[in-house]
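>>> only geometry, no sequence info:
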């Protein structure tokens, strides 16, 4: 993931160019006087997310005590 930063004026002037970069996977941060205010990121539909659910199945095992309370000394801290 490549991240680029532009100011508001550059973003307004070059929106089409910036969107082309975003389509290729780049993330663009838009700043105002050096303070980040927005980020352009590639759009991924929810169907892509649904297809990725379960992709790590079989790669790890959730321990039986996953939801067990923490040991008292750790909980106390």
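Nice, thanks for sending it over. Small disclaimer: the values here were computed from a predicted structure and weren't measured.

>>> In the protein, where is pLDDT below threshold?
Applying pLDDT under 70 to the chain flags the ranges 1, 45-51.

>>> longest single helix anywhere in it?
Looking across the chain with DSSP state H, the single longest helix is helix 15-23.

>>> who's in contact with that one?
Contacts to helix 15-23, defined as CB atoms under 8 Å, 6 or more residues apart in numbering, come from residues 4, 6, 11, 28, 40-42. C-beta coordinates here come from the backbone N, C-alpha and C atoms, glycine included.

>>> which one of these has the most neighbours?
residue 28 (22 neighbours; other CB atoms under 10 Å).

>>> To which secondary structure element is it assigned?
Using DSSP states H and E, the element containing residue 28 is strand 27-32.

>>> Next: residue 10.
With DSSP H and E as criterion, residue 10 is part of helix 8-13.

>>> now the end-to-end length of stretch 53-60.
15 Å (CA to CA, to the nearest Å).

>>> chain center to that stretch: distance?
20 Å (CA atoms, centre = their mean, to the nearest Å).

>>> And the residue most central in space within the chain, how far from residue 8?
Centroid-nearest residue in the chain: residue 41, 8.4 Å away (criterion: CA atoms, centre = their mean). Per CB to CB, to the nearest Å, residue 41 is found 18 Å from residue 8.

>>> Over to residue 66?
On the measure of CB to CB, residue 66 and residue 8 end up 46 Å apart.
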